[in-house]
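**Student:** Would you be able to build a 3D model of this:
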Amino acid sequence: MSVLDFIFKGGTSLILLMQEPKRFSVDIDVLINPKIGKEELEKFLLKIEETSAFTRIEFDERQSYQSDIPKAHYKFIYNSNFATKNQAGQVISNPEREILLDILFAENHYPKLITIPLEIDWLLQDDDRILVTTPDINSLLGDKLTAFAPNTTGIPYSVGKEKEILKQLFDIGYLFDLVTDINIFKQSFLETAKVEIQ
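**Tutor:** Predicted coordinates for the structure are as follows:
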């Protein structure tokens, strides 16, 4: 057990690809080979917990490892340096916060992947340079377009997730201006739609 291969996807990829991040996310979206089992994955996750500032990891059993959806959700809990305060300046909530790891177990369907350095100003890191894999902008836009499609593969309008829909629209609008290869974009959209429909 040395390295867990994965691909960043979704909003996480968008933040990594932006020169200056325009939005923040508290979840991390990754694609992992479907041959990786729960036990093997959790060995890697426990290693993260042991060597980081996270105080614990919580498994979301209700949304994970269901037969119809090859997904898993884990919450990484940490103590925030910023407590929630009321208007009078009094602390009103526990400074414990979480980051959601949203895992999709699937083969890579992105037509083009790139390797980029993990360089984000607000992310605390040691001096070691870390390289990560993510879809390129063209592939990411194809993926994001399927996430928006409210009448097919995306979030329906009538389920009370308006913020989620707006987030998808924001991401699409941002990426659309950066597209460099319409064929990769089209291929990514078609491949992602196939995966989402299954």
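
**Student:** Do a quick rundown of the helices in the protein.
**Tutor:** For the chain, applying DSSP state H gives helices covering 10-17, 38-50, 137-148, 162-176, 182-197.

**Student:** looking at those, which is buried most?
**Tutor:** Among these, ranked by average contacts under mean count of other C-beta atoms under 10 Å, first place goes to helix 137-148 (a mean of 24). From N, CA and C alone the C-beta is placed, and that goes for glycine too.

**Student:** and it, what does it pack onto?
**Tutor:** helix 10-17, helix 162-176, helix 182-197 (3 or more C-beta pairs under 8 Å, 6 or more residues apart in numbering; DSSP states H and E).

**Student:** coming back round to it: and of the helices of the chain, who's closest to residue 60?
**Tutor:** helix 38-50 (12.6 Å; C-beta to C-beta).

**Student:** any idea how far that closest one is from the chain center?
**Tutor:** The chain centre lies 18 Å from the centre of helix 38-50; the measure is C-alpha atoms, centre = their mean, to the nearest Å.

**Student:** Let me see the contact set for residue 75.
**Tutor:** Residues near residue 75 by C-beta atoms under 8 Å, 6 or more residues apart in numbering: 57-58, 60, 98-101.

**Student:** among these, which ones are buried?
**Tutor:** Listed as buried from the contacts of residue 75 are 57, 98, 100-101; burial here means 16 or more other C-beta atoms under 10 Å.

**Student:** Just send those residues back as TSV, with pLDDT and distance to residue 3 too.
**Tutor:** Below are those laid out as TSV (pLDDT from 0 to 100; distance: C-beta to C-beta, whole Å):
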residue	pLDDT	distance to residue 3
57	92	19
98	88	25
100	92	22
101	94	17
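
**Student:** Among these, which pair sits farthest apart?
**Tutor:** Comparing all pairs in these by C-beta to C-beta, the longest separation belongs to 57 and 100, at 11.0 Å.

**Student:** which residues do the two both contact?
**Tutor:** 74-76.

**Student:** Inside strands: which ones of those residues?
**Tutor:** 74-76 (DSSP state E).

**Student:** Right, I'll call it a day here.
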